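1. Fold the following for me, if possible:
(one chain, ligands or ions: 1)
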Amino acid sequence: MSIVVEQHIQTILRVVHSPQLPALDANTALIHRSWRRCVREHELDPTLLPDVRIETSTRLRECRQLNEEYLHVARAGMEQLYKHVSALGYVLMLTDAEGVTIDYIGNDTWDASLKRAGLLLGANWNEVHAGTNGIGTCIAERNTLTCHREDHFYIGNVGLSCTCTPLFDPHGGFLGALDISALSSPDARESQHLARHLTVLYGRMIEDANFMHQFRDQWILRLGTAGPLVDVCGELMLAVDRDGRIVGANTDARRYLRLLDSAGLTREARASVVGSHLSGVFGSRIDAIWRLTKGTGDASSIVTTWDGQGYHASMIAPKTAPRWQRSNDSEAQANPRKHDVLARLGGGDARMSTLLERAARLVDKPISILIQGDTGTGKEVLARALHDASRRAAAAFVAVNCAAIPESLIESELFGYTAGTFTGARSKGMKGLIQRSDGGTLFLDEIGDMPLLLQTRLLRVLAEREVLPLGAEKPVAVDLHVVAASHRDLRRQIVAGTFREDLYYRLCGATLALPPLRERSDKDFLIETILQAEASAMNANAALADDARELLLRYDWPGNVRELRNALRFALSIADGEAIDVWHLPQEILDAAEPPPEPTGFALSHSGHEPAAAICALDERALLLATLRRHRWNISDAARELGLCRATIYRRMKRHGILSPTQLS
Ligand SMILES: Nc1ncnc2c1ncn2[C@@H]1O[C@H](COP(=O)(O)OP(=O)(O)OP(=O)(O)O)[C@@H](O)[C@H]1O
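-> Predicted structure coming up:
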């Protein structure tokens, strides 16, 4: 081993084993964290010389198909960037979220050397197997970084200098990374400053172009600090529907805009500016924004956020009719059913529309689908819709919950068994669930909970398209489409050794990630659809009071659509034929509507010392009752007098067991 190689390995191992990482510049800190991850989590060995992994042409085609729109937009940005850097010896790579290079612009002159170094289409630079490198570490950290020469984990890569920036979609979802790499470069890392600056600049440009493309059907509000430039490069962008509701926000808007909450304070915006109204973000001159939409606005209009930041604003008009309504959508016309069944699952939320459009394209394609999403987001509903939209619709849809079947039974349930394998009631043998889904769809829910041994057997079924029942000697051919679902991060499970990597790649030809309900801007649509369905099943009145609807829209929904369905079912039962009002809603929804600070109007002022809780509660009940009676049970008037919101009045009535005369009758 040469001295240089030995020194490189020693440096890495010293950092990996040192009890504490020294305080360093941000870029070096990212590199050191990655070295540690490579040894401790990915169990990589820096003394080895592995080849860069190159995906098969089939998998590369699948990855490109799945990222069609992103690829199209990014290509234009890459071509522009390449004009600036080609003479400097750089190549450009665009990857998907897993680190597979799905687009590449390079130089034919050094083609052979670039290929040898792994700078080519189809190369998979995921840190899990490629060690610290520009792309893999940028993906793991979701951060821009330069991986310069000896920063690389494997000695085989230390000639390279790579700078990479992450790319996000308008909902904060991770798309992939844009990388600029050179085969050789000067020793000093500072030589890469320009490359870094250009990569970040073009990365943001690609994100913004993707944003404009996705929201071409909506009004787009651009905000910038430089007045004359706001039309061409407003740094913050919001997509807004006709009612002024924000339906998308670019990376900077998500980062910098803050939302006014119910307590009147601004708080950090998560993805939550999306779904809220413009008035929740801007405190003044909202009218100025809307004048811009009518073309009467002043080009130098300034709008001010609730936290006092002024921005120059400019509005871009929608370019086309909403995507789902376009009459010349050839695919929708070719197979309207495909679109109908899937389109019904969303009501205009941009992220759902993109997902459902992508799902419609996947129908009847020989690609396994992995659905990800938190519990109750509708993974099984989506799997069934995919089945119903497909040419397999008339055959069986078999759903298997891998977490619910006891480990001792799952094998026989899935694979079945022949006569005589077991003694007992089923001694004649049993067809397994896989065989029962022959010709149809096999939905494997909670796939992350499947025991490792069975993962191996399932892999064989997927690879060979045949199943071997327990006790059988000959396998049986099966024709099935597999859709799997999980709320777990399967990639983490791969790293932890509880999920097979090869099975993962078999299952996730395409990934569809369902958003949590709190981030969806089509809650109103879901409330209405589910309410109608539940009311008709219960033969009940589907009317919903505005106040109750408002509370449902504002609630956080940790249990997602399942919790919404349960809440509506509960409210319909309690309302017992009346229109659903606030007091019919489940307690947790009323509790969540309570603003955080105790409002002064209703605080019982016992000067000096704290009253005993029981006395306080009694006083509160008496005061509430008296106020309600004085206002002839008009909740709004009572709320106004006590300085509370209506929801709090209802919540406290419920807490103190106070029923209005209409509730008593
Ligand atoms: N788009 C939708 N429209 C109407 N109801 C829906 C929709 N999505 C989900 N639901 C309802 O929400 C509930 C949960 O849905 P589903 O079982 O598909 O969720 P899941 O993500 O598979 O849950 P889990 O992770 O717990 O298995 C069901 O009652 C379903 O009917």
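2. After the lengthiest helix in the chain, which helix or strand is next?
-> Counting residues, the longest helix found in the chain (DSSP state H) is helix 193-214. Downstream of helix 193-214, the first helix or strand assigned by DSSP states H and E is strand 219-224.
3. what's the offset of that following strand from the middle of its chain?
-> Centroid displacement of strand 219-224 relative to its chain, using CA atoms, centre = their mean, to the nearest Å, is 23 Å.
4. on that earlier part again, tell me what the longest helix of the chain is packed against?
-> Applying 3 or more CB pairs under 8 Å, 6 or more residues apart in numbering; DSSP states H and E, one finds that helix 193-214 contacts helix 68-85, strand 161-168, strand 174-182, strand 236-240, helix 251-256. For the C-beta atoms, the positions are set from N, CA and C on the backbone; glycine is no exception.
5. residues in contact with I220?
-> For I220, the contact set (CB atoms under 8 Å, 6 or more residues apart in numbering) comprises F211, M212, M237, L238, A239, V240, M315, I316.
6. Give the bridge partners for it, please.
-> Counting by DSSP bridges, I220 forms beta bridges with A239, I316.
7. Likewise for T441?
-> Assigned bridge partners for T441, using DSSP bridges, are F397, H481.
8. Quick check: it touching V478?
-> No: under the criterion of CB atoms under 8 Å, T441 is not in contact with V478, lying 11.9 Å apart.
9. how about the residues of the chain that lie near the ligand?
-> 345, 373, 375-381, 445, 487, 526, 529-530, 561-562, 565 (CB under 6 Å from any ligand atom).
10. Name the residues that touch the longest helix of the chain?
-> 69-70, 73-74, 76-78, 80-81, 84-85, 88, 90, 144, 146, 161, 163-170, 175, 178-180, 182, 220, 237, 239, 248, 250-252, 316, 350, 354.
11. Is it possible to mark the buried ones in the residues you listed?
-> 69-70, 73-74, 77-78, 81, 85, 90, 144, 146, 161, 163-170, 175, 178-180, 182, 220, 237, 239, 248, 250-252, 316, 350, 354 (16 or more other CB atoms under 10 Å).
12. Shouldn't L94 be within a strand?
-> Yes: residue state for L94 (DSSP: H, G, I helix; E, B strand; the rest coil) corresponds to a strand.
13. if you skip the residues just before and after it, what's nearest to it?
-> D103 (4.0 Å; CB to CB, 6 or more residues apart in numbering).
14. Just say helix, strand or coil for that neighbour.
-> D103 is classified as strand under three-state DSSP.
15. out of the contacts of I220, what pair is the most spread apart?
-> Distance extremes for these: the farthest pair is F211 and M315 at 14.7 Å, using CB to CB.
16. who's more crowded, the two?
-> F211 (23 against 20; other CB atoms under 10 Å).
17. Relative to the ligand, how far out is that one?
-> Applying CB to the nearest ligand atom, to the nearest Å, the value for F211 to the ligand is 25 Å.
18. Nearest residue to V478 in space, please, no chain neighbours.
-> In space, and not counting its chain neighbours, V478 is closest to D438: 4.8 Å by CB to CB, 6+ apart.
19. Give me the pLDDT for that neighbour.
-> We have a pLDDT of 91 for D438.
20. Now do the contacts for E501.
-> Contacts of E501 (CB under 8 Å, 6+ apart): I494.
21. The ligand versus that one, what's the distance?
-> The value you get for E501 to the ligand, if CB to the nearest ligand atom is used, is 23 Å.
22. what do you get for R457?
-> R457 is 23 Å from the ligand, by CB to the nearest ligand atom.
23. From what I see, that residue and F415 are in contact.
-> Yes: counting by CB under 8 Å, R457 touches F415, with 6.8 Å between them.
24. what sits in contact with each of these two?
-> Overlap between the contact sets of R457 and F415, as judged by CB under 8 Å, 6+ apart, is given by L468.
25. out of the two, which sits in the more crowded spot?
-> F415 (24 against 17).
26. out of everything not next to it in sequence, what's closest to that one?
-> Closest to F415 by CB to CB, 6+ apart is G432, at 4.4 Å.
27. Hmm, that neighbour is touching A472, no?
-> No: if you go by CB under 8 Å, G432 and A472 don't touch, sitting 10.3 Å apart.
28. ok, the residue nearest to V478 touching D479?
-> Yes: with contact defined as CB under 8 Å, D438 and D479 form a contacting pair (6.0 Å).
29. So the two - more neighbours on which side?
-> D438 (17 against 11).
30. okay, and for the chain, where does confidence drop off?
-> Scanning the chain for pLDDT under 70 picks out the ranges 1, 227-228, 230-234, 243, 260-272, 284-300, 319-339, 420-428, 594-619, 663-665.
31. picking up where we left off before, give me the buried stretch members for the longest helix of the chain, please.
-> Buried residues in helix 193-214 (16+ other CB under 10 Å): 195-196, 198-199, 202-208, 210-212, 214.
32. What about the residue of the chain found nearest the ligand, how many residues nearby?
-> The nearest approach of the chain to the ligand comes at G378, 2.7 Å away (CB to the nearest ligand atom). For G378, the neighbour count with other CB under 10 Å is 21.
33. and if you look at L624?
-> L624 has 20 nearby residues by other CB under 10 Å.
34. With T456 instead?
-> Neighbour tally, T456, other CB under 10 Å: 12.
35. Am I right that it falls within a helix?
-> Yes: using three-state DSSP, the assignment for T456 is a helix.
36. shouldn't it be in contact with R500?
-> Yes: if you go by CB under 8 Å, T456 and R500 touch, sitting 7.0 Å apart.
37. hang on, G346 is in a helix, isn't it?
-> No: secondary structure of G346 (three-state DSSP): coil, not part of a helix.
38. so who does it touch?
-> M352, S353, L355, L356, D522, F525.
39. Backbone dihedrals for it, please?
-> phi -130, psi 160 (degrees, to the nearest 10).
40. Skipping its backbone neighbours, what lies nearest it in space?
-> Using CB to CB, 6+ apart, the nearest residue to G346 is M352, at 3.4 Å.
41. now F570
-> P586 (5.3 Å).
42. In this model S573 seems to touch the one you found, though I could be wrong.
-> No: using CB under 8 Å, P586 is not in contact with S573, being 10.8 Å away.
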